[in-house]
Each structure stands twice: as C-alpha cells, then as structure tokens.
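J.: here's my sequence, what's the structure:
(6 chains)
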Number of protein chains: 6
Amino acid sequence: MKIKVSRRAHFNAAHRLYKADWSFEKNDAVFGKCNNPNFHGHNYELIVSVTGEIDKETGYVIDMKELKDIIKSEVEEAFDHKNLNVDVPEFKTLNPTAENIAVVIYNKIKPHIEQDLELEITLYETPRNFVTYCGG
Amino acid sequence: MKIKVSRRAHFNAAHRLYKADWSFEKNDAVFGKCNNPNFHGHNYELIVSVTGEIDKETGYVIDMKELKDIIKSEVEEAFDHKNLNVDVPEFKTLNPTAENIAVVIYNKIKPHIEQDLELEITLYETPRNFVTYCGG
Amino acid sequence: MKIKVSRRAHFNAAHRLYKADWSFEKNDAVFGKCNNPNFHGHNYELIVSVTGEIDKETGYVIDMKELKDIIKSEVEEAFDHKNLNVDVPEFKTLNPTAENIAVVIYNKIKPHIEQDLELEITLYETPRNFVTYCGG
Amino acid sequence: MKIKVSRRAHFNAAHRLYKADWSFEKNDAVFGKCNNPNFHGHNYELIVSVTGEIDKETGYVIDMKELKDIIKSEVEEAFDHKNLNVDVPEFKTLNPTAENIAVVIYNKIKPHIEQDLELEITLYETPRNFVTYCGG
Amino acid sequence: MKIKVSRRAHFNAAHRLYKADWSFEKNDAVFGKCNNPNFHGHNYELIVSVTGEIDKETGYVIDMKELKDIIKSEVEEAFDHKNLNVDVPEFKTLNPTAENIAVVIYNKIKPHIEQDLELEITLYETPRNFVTYCGG
Amino acid sequence: MKIKVSRRAHFNAAHRLYKADWSFEKNDAVFGKCNNPNFHGHNYELIVSVTGEIDKETGYVIDMKELKDIIKSEVEEAFDHKNLNVDVPEFKTLNPTAENIAVVIYNKIKPHIEQDLELEITLYETPRNFVTYCGG
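T.: Predicted coordinates for the structure are as follows:
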C-alpha cells in the first residue's frame, strides 16, 4: 500500500543560461534573454515527493519535519539568495536550466532518504514553466 | 483511450496526531505540536481523480455532477466541521495523518464508482503538505 | 535520464454541451445547465508537458520558446475568444467536453514535437474541474 | 471598530462585447476578439466584501451563510452557465464589460444587506484582469 | 510618499464558535456546524501590512525580517497548532470568529511597530472567507 | 461612479540590495542574504490598477489592451530578464527594494495614462512579500 507524500519549499536565486565553450552569438541564438551576462533571477518553488509504505505505527511514510530539514540543509541553504552559476559548485560547469537544477536537487536529497523510498522533484522556475524528475 | 478527470472539493476539520498506546512523551517526540491534546485543525483541499475511457455518446469519463455528489455524501458530510478523532468512526483507532485520511477517502469512494475506473486521491493538509494515493 | 517539462497557457471560450441527435429533454437530463442553447463559457487553463532526455549541450528537453510557439499557433490562435461549437471545426460534430478538448489539443500538438518525446495535456475547465490526457 | 468581511464565489458565462448601434467595423476596432458574434466566455471569480461593526453578541459583521445565500440567489442563479448578453435582462442594452457586470452585481446585492454596511465587489474576468467597485 | 508593505504568514488551529451564556440550541441556530462542541479547524493564512514612508537610506518602510519576527513571536508561536478556545487566553471569553481573531492579531502586533506606521490585518479563515481590519 | 480596473503582468530579474557608500559589514547587517555581491533574483508579479469613471460608450475605464501595451513597453521590456542594479538606469544609484521598484514603475506608467485616472501599483517580490503604492 504505497502512497506519495509531498512537501513544498522555495528559494530565490539568480542565474544565467549559457554554454561556456559557445560564442556569445550562439548562446544568444539558443538562450535568448536568459543569456544576459549580468544574470536574471527567479523565485523557485520546489515540491519534493517521497513514495513508500505507510508506517503502521506512526501513520507516516516519512516524518515531514525530517523531510523539511533535509530540504533546508541540502537545497535552501545551498541555493537560496545565491547566484547559481557563481556561488553553487554544481553549476560551475553545468548550465542551470530548470531541468539540470531538478536533477541536482534529486541527487542531493536521494542519499538522505531510505533506499526503498522513491523520490520525485518538481521545480517551478516560474508559475508558467516547471519540470518534474523522478530519477530517470 | 484513457483520460483522467479530476474534481476539487474541501472540508475543514480538527484533529490530533497520537497513538493511544504510547506515552505522552513518546507521542510528543514523534508528533510534536500535532500531538496537542486540545486538537488543532486544517482546511483540507481534496482532489478526486477518476481514470477511464471517454464515453463516445456523452464525451464524459464520468458525469462530474455524479462525482460531486459522491464526494459530498462520502467525504464532506462525514468530515466537514468535524473533529476527526472524536466524530469520525474511521479514526477512533486510526491516527488521522494525511496519509491515513487519504486511504480512508479512497476506500469510501471506490465502491461508488464503476469497477473499471481507476481512482486517485490527492489531499492537501496545508498548501505546503499533501499526499497522493491510488490504491497501492 | 528522462524528465518532464511543462508550460502553462490559457484561452477563453464559449461552449455548449449537447448531442445533436438527442432531444432537448435528453440533453437537458444529461448535460443540465451546460446544455444552455445560448452557450456559457470558461477561462481554460492549459498545461502542456513534454517528457524526454535532457540534451547534454543545452540542458533542455525542448526549448520552451519553441513549445510556447506551438501552443500559440495550434491552441491559442484556434480556440481563444472563440465559440468552440460554432467557430472550431474539430467540434462541429464532437461534443466539447473537457475530455474531448484535451484529446483534440493532444492531437494538434503531437505532430509538432519530436517523435521520441512523450506528450501530456492537462486542461482546467474551471479551478475545480480538470482533465489529464497522455495519448491513451 | 469597523472590519471588512469577504466571501468568494464564482460563475461561468458566455458574453460578447459590442455596442448595438455601432458598425461591426467600429466594434471590431474597439473590442477586437471580444466582439466575436458567436460569443466567448469566462470563469468569473467574485469577491463580495461587506464592511461594518462587529456585533458584540455574535462576533460577526454579517453571517457568512446569509451573505452566501444572497450571492447564490442574486448572482449565481442569475448568471451561472448563462449567456450574459442573451439570457440576462440587465445586459440586453448594457455592454457586459467586467466594469458593468461589477456595477450590476453591486446594485443587485446592495438592497439585501443592512443600510449601514458598506459593500465592495471585486470581479475577476480572468486571473489577469479584474475590477473593484464600491458604489462610486 | 507612503507605501504599504505586506508579509504573508500562516498558522493551523482548531476552534469552536459559540457564546457560553447561550443555550446549545441558540448557538446551533446562529453558528450551525461551527458550533461543534468537539471543535473543527482551519489553515489560517495571514497578511500583515504596514504603511509608512520609505526610509531614504535603506529603501525599506520596515525591515521584513523584523516584521517576520514580530509575526512569529506574537502570532505563530501563540496560535499555531493550538485550540484557540482552550489554549489561547484572548479567546477564553471572546468568540474566535475570523473578525475577532483579526482584531486580536492587530492589537498584539501594533505595540511592536513604530507609532507612525499604519497597520492592516487580512486573515483568511478559508480560501473563500476572509476579513480585513485596520484599526477601526 | 468610479471603479478600479486591474491588470496582472510579470517579469524575472536579478538584483542585490545594498548601499554603495556603506561598508560591506553594514550592508550585511542591514540587508543580510539580499546583499550577496553576486546577486540573487525573483519572479516579480505586478498588478497595475487604474481608477476612473466608466466610459458610457464602451463600458471601459481604460482599454485593457492599451494598459497591457503600456506595461509591456514601460516595465516588461525594461526589467524582464535584466539585472536591475546593472542593466536598469533607474537603479544605478537607487537600491532596488520592492518599495523603490514599485515607485519607479508608478512614475514610468503615470505619464502614459490620462491625468484624471488614479494609478496603483502592487508588486509581489515573492508570494510572501509584496508592496502597494498609489502615489503617496
């Protein structure tokens, strides 16, 4: 009897989309306004979902306070009020598209939850653009 | 050609998270503020989703008015403005976590829809915490 | 490593739910207020989701600007500020229920995205009623 | 000690913006897509706000159930699933812009609340366009 | 040059609407389902707004972190996961309607902000019912 | 008979809060995480409200298409996907707090609407922090 539990969080960050080994012109053609060398930014809204059996004793799949703490230490403290390209090691050489950010968040959270729990990350870059990743 | 149709509803209720055969100290350690013996409460937002074939005659999977009536009689009339622990028989001995409430709602609605339709319950305890259950 | 990317759009339209070869009484019994011969209408909110591999070069599954343009030409220009029953060829003989509109949108967008990408359509007829279709 | 209490409601309707004594060309120039002779439509979201003293006995400005009933009989039953231009007498000769609909709703509700209460109507034509009227 | 700045917060609580010196029948007639002696509950969403001059040095009316801390100590710690009637001194003899809760919150926050700043409290009892109070 | 009409828009931008003639330590003490020299960012949601008489001919206070175009040229083209501190002349010497951005937007839009119309700007820096300015 599996059930999915979800927790919402958020962080604000600056970023720039570009590929370092492309010319500015090529970056501009592919990434348009998102290639502004001075950066732009977003309020990222994050939903972390964990699927597993309900514990008969507690009635929980996972203690939400525990999940909230994992999100805080792994995502909020690492990304909030940061420049993703400059301040966050994972994006030194990885383009911080919503897709790549979601994969990085998945990889950061996965080791902190029990192995038999499934993990899904939904990341809203804006209320109109979002991505969902569950480990490929 | 299967499609999922969803209907949103809501109910307001009080609850307390605890296990009757645990000490207050153990309940406090596990459930924290949610173990307040005087109860706290939520505006529960509910999404009931039904998946099946589109009826060629009507263009419906299920008549939404029918689904709305099932939700009204099985969920809203049973849970709305109630104390889940005290007023609702299902939670006399079952801890009313969001997970357990979603399973109870699933089990109450399932017998009222046709057998070949799949059912999914999403229950928001708050805008930040929610669960999704589709029968395990 | 597959990921789902989603784009939100919207259109406003009038419609009437009825079956031309049924009597008014039968349409009234089945479709109720939605059978008003003078039409009623909705702000349809649309989420178009595309699932595929992340391109290693761009970090994109699909360029959102490209997806936005497909939605604009295939859905917004065809449906926005229209009477679905009268102005939109697909619904001359097909009842414009949320289910059928979602299938039509799926079929209009599918040929415009690469074949190995999966497509999912979520259509909100109101904030309380919505459908999700991914090709059956 | 005055306080404002607000109640949210909604109705779905078709409409067309035009002025009967203008040419189609002039209507088209002024109202654009909203002048579609076959109509389009909206999910109107309505907020009715009433300002007054808190009753010392009840702790209410107005009983929300009473306000809900007034909205139901005066607005929802009159406008929901209707064609505003064709089915609603007030708009036979009045252009159903969001502005005019809000004024009509104000005038329909005002006689049903006590004279010393102030009334304010907020009407969302879409999540992006809305109007607020408090009696001029 | 005055401007209003607003901060959103939230708390979950149980409550019962009734007047101790009325009969159960009278309470039932006036407060209906809200008079459940076993309590029901809500996710209260709170908006605290402060209006004043923009400080030329900082560009702030008030430091949002300071306002956030006042809301935390005066409202969240006092009301969150509480039974308003039983656990909160202010409601021992005051009916915890949305109106009265908003006034209590106003009176608790006002002494903590500078005297020349105006204060406004908006309290959502549900997404459909809310009140706004600015000191009468 | 005055009525307020509102239009929602949005832009994404990077910014840093600091005062150039203060030490880093003082900026850090006052602006905290918002003083990150590498910038952070937001999805700004904007509501532009215009209050005036309803035109008897059109039923409009102002043509929403016209207001939408003013917002596009004055705000979206100037601020969207920009670094407010670096790319936007108004913030070269003005700290881009939500308060100051709202005042700048007010001053940019005001000359483009008729003189007898009142203007109000609501700017959401995040869903939890927002400001409202109507000309002081």
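J.: any idea how far the residue in chain A that chain D sits nearest to is from F:T126?
T.: Closest residue of chain A to chain D, C-beta to the nearest C-beta: A:P127 (10.0 Å). Where C-beta positions appear, they are placed from N, C-alpha and C, glycine not excepted. Separation of A:P127 from F:T126 (C-beta to C-beta, to the nearest Å): 12 Å.
J.: among the two, which residue is more densely surrounded?
T.: F:T126 (17 against 14; other C-beta atoms under 10 Å in any protein chain shown).
J.: list phi and psi for that one.
T.: phi -140, psi 170 (degrees, to the nearest 10).
J.: that one against F:H40, yeah?
T.: No - counting by C-beta atoms under 8 Å, F:T126 sits too far from F:H40 to count as a contact (11.1 Å).
J.: which neighbours do these two share?
T.: A:N12 (C-beta atoms under 8 Å, 6 or more residues apart in numbering or on different chains).
J.: which residues does A:N38 contact?
T.: Counting by C-beta under 8 Å, 6+ apart, A:N38 has contacts F:14, F:82-83, F:86-87.
J.: top of these by neighbour count?
T.: F:A14 (29 neighbours).
J.: how near is it to F:D87?
T.: Following C-beta to C-beta, the distance that separates F:A14 from F:D87 is 9 Å.
J.: just A:N43 next, same as before
T.: 19 Å.
J.: ok, A:N36 to C:D55 distance?
T.: 21 Å.
J.: the two: who's more crowded?
T.: For A:N36 versus C:D55, neighbours defined as other C-beta under 10 Å are more numerous around A:N36 (22 against 14).
J.: and the more buried one, what is it in contact with?
T.: A:16, F:81-83, F:87.
J.: contact partners for the residue lying farthest from the centre of chain A?
T.: Residue farthest from the centre of chain A, counting by C-alpha atoms, centre = their mean, is A:E57 at 31.5 Å. Contacts of A:E57 were listed using C-beta under 8 Å, 6+ apart, and they are B:K19.
J.: three-state assignment of it?
T.: coil (DSSP: H, G, I helix; E, B strand; the rest coil).
J.: for chain F, what's the nearest residue on chain A?
T.: Per C-beta to the nearest C-beta, A:G41 is where chain A lies closest to chain F, at 0.8 Å.
J.: and the strands in chain A?
T.: Assigned strands in chain A, in chain order: A:2-15, A:40-53, A:82-83, A:118-126, A:129-133 (criterion: DSSP state E).
J.: right, and these - which one's nearest chain B?
T.: strand A:2-15 (4.3 Å).
J.: coming back round to it: save the contacts of A:N38 as CSV, and put in pLDDT too.
T.: As requested, the contacts of A:N38 are exported to CSV (pLDDT from 0 to 100):
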residue, pLDDT
F:A14, 98
F:K82, 98
F:N83, 98
F:V86, 98
F:D87, 98
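J.: what's the closest of these to B:V104?
T.: Nearest to B:V104, judged by C-beta to C-beta, of the contacts of A:N38 is F:A14 at 47.0 Å.
J.: pretty sure that closest one sits against F:F79.
T.: No - using C-beta under 8 Å, F:A14 makes no contact with F:F79, being 10.6 Å away.
J.: counting by contacts, list what the longest helix seen in chain A packs against.
T.: Counting residues, the longest helix found in chain A (DSSP state H) is helix A:98-109. For helix A:98-109, the contact count by 3 or more C-beta pairs under 8 Å, 6 or more residues apart in numbering or on different chains; DSSP states H and E identifies strand A:40-53, strand A:118-126, strand A:129-133, strand C:2-15 as packing neighbours.
J.: from the middle of its chain, how far away would the first one be?
T.: Spelled out, it's strand A:40-53. In terms of C-alpha atoms, centre = their mean, to the nearest Å, the centre of strand A:40-53 is set 6 Å apart from its chain centre.
J.: cool, the last one as well?
T.: Remark: strand C:2-15 is offset 7 Å from the chain centroid, using C-alpha atoms, centre = their mean.
J.: tell me the buried residues in it?
T.: C:3-15 (16 or more other C-beta atoms under 10 Å in any protein chain shown).
J.: sheet partners, orientation included, of that strand?
T.: Strand C:2-15 pairs in its sheet with strand A:129-133 (antiparallel), strand C:40-53 (antiparallel), strand C:82-83 (parallel), by DSSP bridges.
J.: quick check, nearest of the contacts of A:N38 to D:V131?
T.: Once C-beta to C-beta is applied, the member of the contacts of A:N38 that ends up nearest D:V131 is F:K82, at 30.7 Å.
J.: so that closest one is in contact with F:E90, correct?
T.: No - between F:K82 and F:E90 there is no contact under C-beta under 8 Å: 11.1 Å.
J.: any idea how far apart the tips of stretch A:30-48 sit?
T.: End-to-end span of stretch A:30-48 (C-alpha to C-alpha, to the nearest Å): 30 Å.
J.: now do the buried residues in that stretch.
T.: In stretch A:30-48, counting by 16+ other C-beta under 10 Å, buried: A:30-31, A:34-36, A:39-48.
J.: what do you get for stretch A:104-121?
T.: A:104-106, A:108-109, A:113, A:119-121.
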